[in-house]
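*Asks:* A predicted structure for the sequence below; I have some questions about it.
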Amino acid sequence: MQIIKLTSNMLSSNCYIVVSKKEAIVIDPSIEPEFILNKTNEHNTFIKKIIFTHAHIDHIFYSSQLSELTKAQTYGHKDDLCLYNDEHKNGSILFGMRKKFMIYDNELKDNDIITFGDKKAKIIHTPGHTKGCICILIDNYLFTGDTLFFESIGRTDLYTGDMDMLFDSIKNKLYKYFAFIVKTSENIV
């Protein structure tokens, strides 16, 4: 498995390409599709699925373009449905835009498994930053979107954000993975 991290200059958010065999998933398409496709072409792989950790502009900005170019299926959580078509709720108004976004093709729920190549991505519903936030566990790697940051947590002052929910998600859904992930990460060179 290979993980490629791209950071959006415009939105200051991360997009991940996770490759297994000749298949890739894209997590949070916040980067221009050309950059994403250049990376997948370099690794001689194709994008099979696009997953949204939540429906804020800085995580789904290029979702429709990337999906159209690759014919990849998109995945999101139903509790964020109300964000896609509302520029106030999806946060685009904060960037001076009035953007509405395509709704995902496939609905995710807690403990769903998404397969690609020879890997399995486990979906962990972690409401708090938004009601529909998810984290994605692949092997020993946890992709947390805006639920958790290095030495910080996601903000909760935007639509459907809830600090109590966020603390509950971290404590009751993510803590159990921390020791395992930290211990196995020590072996990474």
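*Replies:* In hand now; what should we look at?
*Asks:* How about the contacts made by the residue nearest the centre of the chain?
*Replies:* Among the residues of the chain, residue 53 comes closest to the average C-alpha position under Cα atoms, centre = their mean, at 3.2 Å. Residues counted as contacts of residue 53 (Cβ atoms under 8 Å, 6 or more residues apart in numbering) are 27-28, 59, 133-136, 143-147. C-beta: built from backbone N, CA, C; applies to glycine.
*Asks:* and of those residues, the nearest to residue 123?
*Replies:* residue 134 (5.3 Å; Cβ to Cβ).
*Asks:* That closest one contacts residue 124, correct?
*Replies:* Yes - proximity of residue 134 to residue 124 meets the contact threshold set by Cβ atoms under 8 Å, at 6.3 Å.
*Asks:* Next, residue 20: phi, psi?
*Replies:* Backbone geometry at residue 20, expressed as degrees, to the nearest 10, gives phi -140, psi 120.
*Asks:* that older thread, between residue 134 and residue 124, which has more neighbouring residues?
*Replies:* Legend: neighbour count by other Cβ atoms under 10 Å for residue 134 and residue 124, higher for residue 134 (30 against 20).
*Asks:* How about the contacts made by that one?
*Replies:* Neighbouring residues of residue 134 by Cβ under 8 Å, 6+ apart: 51, 53-54, 77, 108, 123-126, 145.
*Asks:* Tabulate the residues you listed (JSON lines), appending pLDDT.
*Replies:* Listed next are the contacts of residue 134 as JSON lines, based on pLDDT from 0 to 100:
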{"residue": "51", "pLDDT": "98"}
{"residue": "53", "pLDDT": "98"}
{"residue": "54", "pLDDT": "98"}
{"residue": "77", "pLDDT": "98"}
{"residue": "108", "pLDDT": "98"}
{"residue": "123", "pLDDT": "98"}
{"residue": "124", "pLDDT": "98"}
{"residue": "125", "pLDDT": "98"}
{"residue": "126", "pLDDT": "98"}
{"residue": "145", "pLDDT": "95"}
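*Asks:* Point out the ones among those that are inside strands.
*Replies:* Among the contacts of residue 134, the residues falling in strands (DSSP state E) are 51, 77, 108, 123-125.
*Asks:* now those residues as CSV including distance to residue 91?
*Replies:* CSV is the format used below for these (distance: Cβ to Cβ, whole Å):
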residue, distance to residue 91
51, 19
77, 16
108, 20
123, 22
124, 22
125, 20
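*Asks:* Out of those residues, which is nearest to residue 71?
*Replies:* The closest of those to residue 71 turns out to be residue 51 (Cβ to Cβ; 15.6 Å).
*Asks:* Bridged to the residue lying closest to that closest one once chain neighbours are set aside, which residues?
*Replies:* Excluding the flanking residues, the one nearest residue 51 by Cβ to Cβ, 6 or more residues apart in numbering is residue 75, at 4.6 Å. For residue 75, the beta-bridge partners are residue 51, residue 106 (DSSP bridges).
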